[in-house]
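> Predicted coordinates and the sequence they were generated for:
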Amino acid sequence: MAETLVTQSRFPDPDRAFRLLVEARRGLTPDEAAALDARLVLLLANHIGSEDVLRAAIAAAREAMPTR
């Protein structure tokens, strides 16, 4: 079964989900926050379990980055 990247929010309260992410980083140094982010990305990528969806998510995230 082919899976596609879902980009619309699936959270009943997206603001609360965002606050959870912000609060998880509170009190951490920039290096600790980066390490937490990396661990979270790896955990969620594993949860997704689809290389195609992961590839699409990476592409979407890169496209959303400001140009230099």
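Sure thing, it's come through.
> For residue 65, give me phi and psi.
Reported as degrees, to the nearest 10, the phi and psi values for residue 65 are phi -70, psi 140.
> my bad, residue 11
Listed backbone geometry of residue 11 is phi -90, psi 140, with angles given as degrees, to the nearest 10.
> how much space between it and residue 20?
10 Å (CB to CB, to the nearest Å). Using the backbone N, CA and C atoms, a C-beta is placed for each residue, glycine as well.
> Now the common contact residues for those two.
Taking CB atoms under 8 Å, 6 or more residues apart in numbering as the contact criterion, no residue touches both residue 11 and residue 20.
> And the contacts of the helix or strand where residue 37 lies?
With elements delineated by DSSP states H and E, residue 37 resides in helix 30-48, which encompasses its position. For helix 30-48, the external contacting residues (CB under 8 Å, 6+ apart) are 24, 25, 28, 54, 57.
> tell me which residues in that helix are buried?
Applying a neighbour-count criterion of 16 or more other CB atoms under 10 Å, helix 30-48 contains no buried positions.
> The residue most central in space within the chain and residue 12: what is the separation?
Central residue check for the chain by CA atoms, centre = their mean: the C-alpha nearest the mean position is that of residue 41, 5.7 Å away. Using CB to CB, residue 41 is found at 23 Å from residue 12.
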